[in-house]
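1. Here is a sequence together with a model predicted from it:
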Amino acid sequence: MIRTVLTSLFLAFAILTAPALAVAPEEVLDDPALEARARALSAELRCMVCQNQSIDDSDAPLAKDLRVLVRERLVAGDSDGQVIDYLVSRYGEFVLLKPRFAWHTLVLWAAGPAALLAGLIAIVLALRNRSRRGSQVATSGSANLSEEEEERLKALLEKRDVAGND
Amino acid sequence: MIVELGHYALVLAFALTLVQCVLPLWGALSGDDRLMAVAPPVSVMLFVLVLISFVALTVAYLNSDFSVLNVLQNSHSAKPLIYKFTGVWGNHEGSMLLWVLILVFFGALVGFFGGNLPKDLKAATLSVQAWVSAGFILFLLATSNPFERVAGPPLEGADLNPILQDIGLAIHPPLLYIGYVGFSITFSFAVAALLLGRTDAAWARWVRPWTLLAWCFLTLGIAMGSYWAYYELGWGGWWFWDPVENASFMPWIAGTALLHSAIVMEKREALKIWTVLLAIFTFSLSLLGTFLVRSGVLTSVHAFATDPARGVFILVLLCIFIGGSLSLYAWRAPMLKQGGLFAPISREGGLVLNNLFLTAACAAVFVGTLYPLALDAITGEKISVGAPFFNLTFGPLMVPLLMAIPFGPVLSWKRGDLHAASQRLYAAFGLALLFALVTFWLWGMEKVLAPMGVGLAVWVMAGAVSEIVTRVKFFEIGPKRGFSRLVGLPGSAWGTVVAHFGVGVTVLGIVTASAFQEERIETMRPGDSIELSGYEVTFDGAAPRRGPNYTEEVGHFTIRKAGAYVAELDPSKRVYTARQMPTTEAGIHTTGFSQLYLSLGESRGDGAVDVRVYYKPLITLIWIGCVIMSLGAVFSMADRRLRVGAPKPAARRKAVQTAAAE
């Protein structure tokens, strides 16, 4: 029992922590512009057998295959988008480290901005509430108007407004 | 025998926490002094018992007692002594024991130093701390007992995960845990305040130093972990947005927000309710982090062993503590009195803005970390959320925050004047613009974002400095009096300046290291050299070498600049014998704040080897900035005002008055 646990641990660690040296010299493309695109793309693609590593960072054989694949597609003249589409069609969306913006990732993408917006609204409301309460406190000493008086005041003010408009 | 003693001490500690859970709180609520007096000695005793248990486990490790399952699975007789010691917390059970040790240590600190706290607040706080302790000691005893024995022990252990066999393990987890778990005290304070239904001046004064302490250690812990990953994992990255990293980063963000809102509460009695909520959130995120790392929901270097029973146990604890405290909050928070009013443009307003952006950033990281798990659980769809996502969502939230940092300290309390404040920042703005333009002039359109990043970093740094310079009117009154006034400033003012300066330093490191990094990947034969950023790196050859519990292939490199010798580097690839696990040891040469980073790859036969060389300009600033930030926290903690207790409450004053009246 212990042994099986240990062996599985070994395996897990062996996969996790293979010595990291990602892009090997022979993979590098001759065209620097193309290579730069390949590197940028690789940083956004996940090595699916690793823990949260991009294929650019990972040394797993699968990552190597993917890096070569990305470069082959680029050399063949694919655009960045086409390469991504191709990989997603083969490996599913799991391969993307930056999920696509779609219905099922709406919450994910919107969380930060929504929190910011919600916070902003809450602060504005709180401030408005407070200044209203503050002014009430300020005026309450001099004039405590009953509801009836409030109504009359309002009516008077409205009348003046109407008169002013004429 | 010693091992059983440790086990027994832990059981005893559990029994004692149960006492602590009930009696002091009962006393606090019923006003019984004798019951409240139970809390301080018991809190110290708890610490002693858990310490005994921790020492017992340490002794088992130092003696390589393989009849203890935990030692058997995680140690090896040939392991160097320091790793036998640090290996105590290099595994699930041991690290949880360290967690609990720090938890009760903080309780003991409050028990010991809390002399100037109101009695009922102190008793209630220690009770709440004991609830958390009870939960986690029970977790240890029930699901992850570090003292379990094996019958017929083998002669040799399975060794510690080689990645953890590093000085980093001696420093990173203790620092991180002190930070993580340190927030438990602010949590206990907050819950105690809710239970007692009041947040008085003493409460406000106590929260900030404890938050500072925890934040200081958490900052150092995260920075240390980042540097460790940087030199150990071998591909030169320093932050990976790994879920486990996020688990420690979220409490840090929330803690930073807490730190700032606590200032408002202390100075102006405003934002009390929000501060209580933040204190609860911060520790809840620490608990969540513990859950994520320890439950096996995520797998990573940090998740030592996975066992569903543990996951469920921590999840239950999580629900009780977070759910309980939030329900309590919903029920009692409306009873707390709200304090001072302030205009939107004011120091308070600035701190609210800080809280807004930090909270939003924390929410973004939170959702990014948990969304893939949730989506998988609900729809079975698997997606990945990695660094590109976080850079895109977290980054933009940080930019306005960084832009706003220098304004905060120059605004006055209650009602600030933005125009007057900006006048004090003209010099800083000019300097930032200058640096941005120079960067742009040097690199042009090739790197568009870099000048903005550099400008932003300089803005934050110069803003921090100019705040203090204009504050003491340094140039108006002449350097001599200026210096004496600088020295005379309160520690918390220095804390702000230093910490904000540190933020700028870290930002500068991040910007330069990511924008101007250069790298070369080559297959090198002995005698080959490559050029990088003005350095000439020559490969002299590789040779095998034996370490105590590993064998390694060491490459020897000579670094020259313009023909002159600079340094020799020996990066290596190791294989640890017990686990047959390979690791890389990078060769790093530091010049100024920049580093040259070498790591070895596959060997190609006939002495050739794949080599990756990076030049990382100003990269050490990333960690130096973090150290400066925590230094800021130290300055702030040294502030005299924080050590002087709150003014003695009404009781004594009344006594004096009545005495005078008579």
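-> Nice, I can see it.
2. what bits of the chain have low per-residue confidence?
-> Since you didn't name a chain, this refers to chain A. For chain A, the stretches with pLDDT under 70 are A:1-22, A:133-147, A:159-166.
3. wrong one, chain B
-> B:234-235, B:295-307, B:338-339, B:640-662.
4. mind giving me the domain ranges of it?
-> Here the domain assignment for chain B is B:1-162, B:405-516, B:518-616, based on automatic domain parsing.
5. just chain A next, same as before
-> The record's domain split for chain A, according to automatic domain parsing, is A:2-100, A:105-165.
6. out of the ones you listed, nearest to B:Leu373?
-> Smallest distance to B:Leu373 across these (Cβ to Cβ): 11.6 Å, for domain A:105-165. From N, CA and C alone the C-beta is placed, and that goes for glycine too.
7. quick revisit: and the domains of chain B, which is most packed in?
-> Highest mean neighbour count of the domains of chain B: domain B:1-162, a mean of 21 (counted as mean count of other Cβ atoms under 10 Å in any protein chain shown).
8. element containing the most centrally placed residue in chain B?
-> With distances taken as Cα atoms, centre = their mean, the residue of chain B nearest its centroid is B:Leu218 (2.1 Å). Mapping B:Leu218 onto the secondary structure by DSSP states H and E places it in helix B:201-232.
9. Buried ones in that helix, by neighbour count?
-> Buried residues in helix B:201-232, defined by neighbour count with 16 or more other Cβ atoms under 10 Å in any protein chain shown: B:202-232.
10. Tell me which other helices or strands that helix touches.
-> When contacts are defined as 3 or more Cβ pairs under 8 Å, 6 or more residues apart in numbering or on different chains; DSSP states H and E, helix B:201-232 packs onto helix B:167-196, helix B:243-268, helix B:272-295, strand B:581-585, helix B:621-637, helix B:640-643.
11. how near is B:Gly225 to chain A?
-> 15 Å (Cβ to the nearest Cβ, to the nearest Å).
12. same thing with B:Leu218?
-> Plainly put, B:Leu218 is 22 Å away from chain A if you go by Cβ to the nearest Cβ.
13. With B:Ser53 instead?
-> Distance of B:Ser53 to chain A, computed by Cβ to the nearest Cβ: 23 Å.
14. Let me know whether B:Met581 touches B:Pro162 as I believe.
-> Yes: with contact defined as Cβ atoms under 8 Å, B:Met581 counts as touching B:Pro162 (5.2 Å).
15. Return the residues of the stretch 51-200 of chain B in contact with chain A.
-> Within reach of chain A by Cβ under 8 Å from any Cβ of the partner chain, the stretch 51-200 of chain B has these residues: B:Leu69, B:Leu72, B:Gln73, B:Val150, B:Ala158, B:Asn161, B:Pro162, B:Ile163.
16. May I see those residues organised as JSON lines, with distance to A:Leu87 and secondary structure added?
-> Listed next are those as JSON lines, based on distance: Cβ to Cβ, whole Å; DSSP: H, G, I helix; E, B strand; the rest coil:
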{"residue": "B:Leu69", "distance to A:Leu87": "44", "secondary structure": "helix"}
{"residue": "B:Leu72", "distance to A:Leu87": "44", "secondary structure": "helix"}
{"residue": "B:Gln73", "distance to A:Leu87": "39", "secondary structure": "helix"}
{"residue": "B:Val150", "distance to A:Leu87": "47", "secondary structure": "coil"}
{"residue": "B:Ala158", "distance to A:Leu87": "38", "secondary structure": "coil"}
{"residue": "B:Asn161", "distance to A:Leu87": "32", "secondary structure": "coil"}
{"residue": "B:Pro162", "distance to A:Leu87": "33", "secondary structure": "helix"}
{"residue": "B:Ile163", "distance to A:Leu87": "30", "secondary structure": "helix"}
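17. Need the max-distance pair from the residues you listed.
-> Among those, the pair separated by the greatest distance (Cβ to Cβ) is B:Val150 and B:Ile163, at 25.3 Å.
18. Mind naming the longest helix for chain A?
-> Using DSSP state H, we find that the single longest helix of chain A is helix A:106-140.
19. quick one: contacts for the residue positioned nearest the centre of chain A?
-> Chain A has A:Trp109 as the residue nearest its centroid, 4.4 Å off, counting by Cα atoms, centre = their mean. Counting by Cβ atoms under 8 Å, 6 or more residues apart in numbering or on different chains, A:Trp109 makes contact with A:Pro99, A:Phe101, B:Thr393.
20. How is B:Glu568 assigned, secondary-structure-wise?
-> strand (DSSP: H, G, I helix; E, B strand; the rest coil).
21. Now name the helix or strand holding the residue lying closest to it once chain neighbours are set aside.
-> In this structure, B:Glu568 finds its nearest non-sequential neighbour in B:Thr558, 5.4 Å apart by Cβ to Cβ, 6 or more residues apart in numbering or on different chains. Assigned by DSSP H and E, B:Thr558 belongs to strand B:550-561.
22. Does anything pack onto that strand? Which helices or strands?
-> With 3+ Cβ pairs under 8 Å, 6+ apart as the test, strand B:550-561 has strand B:535-546, strand B:564-569, strand B:572-576, strand B:587-591, strand B:594-605 packed against it.
23. which residue packs closest to B:Ala542, ignoring adjacent ones?
-> Sequence neighbours aside, B:Gly555 is the residue nearest to B:Ala542 in space, at 4.5 Å (criterion: Cβ to Cβ, 6+ apart).
24. Go ahead and confirm that neighbour touches B:Val609.
-> Yes: the criterion here is Cβ under 8 Å, and B:Gly555 meets it with B:Val609 at 6.1 Å.
25. what residues are shared contacts of these two?
-> In contact with both B:Gly555 and B:Val609: B:Phe539, B:Ala542, B:Leu600, using Cβ under 8 Å, 6+ apart.
26. From B:Tyr615, how far off is the nearest residue to the first one once chain neighbours are set aside?
-> The reference is to B:Phe539. With Cβ to Cβ, 6+ apart as the measure, B:Met524 is the residue that lies nearest to B:Phe539, at 4.2 Å, once sequence neighbours are left out. Separation of B:Met524 from B:Tyr615 (Cβ to Cβ, to the nearest Å): 17 Å.
27. the helices in chain A, which residues?
-> Applying DSSP H to chain A gives helices spanning A:2-16, A:32-42, A:61-75, A:80-91, A:106-140, A:147-165.
28. Redo the ones you listed as TSV? Include distance to B:Ile378.
-> Below are the helices of chain A laid out as TSV (distance: least, Cβ to Cβ, whole Å):
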stretch	distance to B:Ile378
helix A:2-16	26
helix A:32-42	30
helix A:61-75	28
helix A:80-91	21
helix A:106-140	11
helix A:147-165	51
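29. Please identify the most buried of these.
-> Mean neighbour count (mean count of other Cβ under 10 Å) peaks for helix A:61-75 among the helices of chain A, with a mean of 18.
30. Report the angle between that one and helix A:32-42.
-> Angle, helix A:61-75 to helix A:32-42, by axes from the mean of the first three to the mean of the last three Cα atoms, to 10 degrees: 140 degrees.
31. Give me the contact list for helix A:61-75.
-> In contact with helix A:61-75 (Cβ under 8 Å, 6+ apart) are residues A:22-24, A:27, A:29, A:34-35, A:37-38, A:41-42, A:45, A:47-50, A:53, A:55-56, A:82-83, A:86-87, A:95.
32. near chain B, from the residues you listed?
-> Among the contacts of helix A:61-75, the residues that sit close to chain B (Cβ under 8 Å from any Cβ) are A:Ala22, A:Val23, A:Ala24, A:Gln53, A:Val95.
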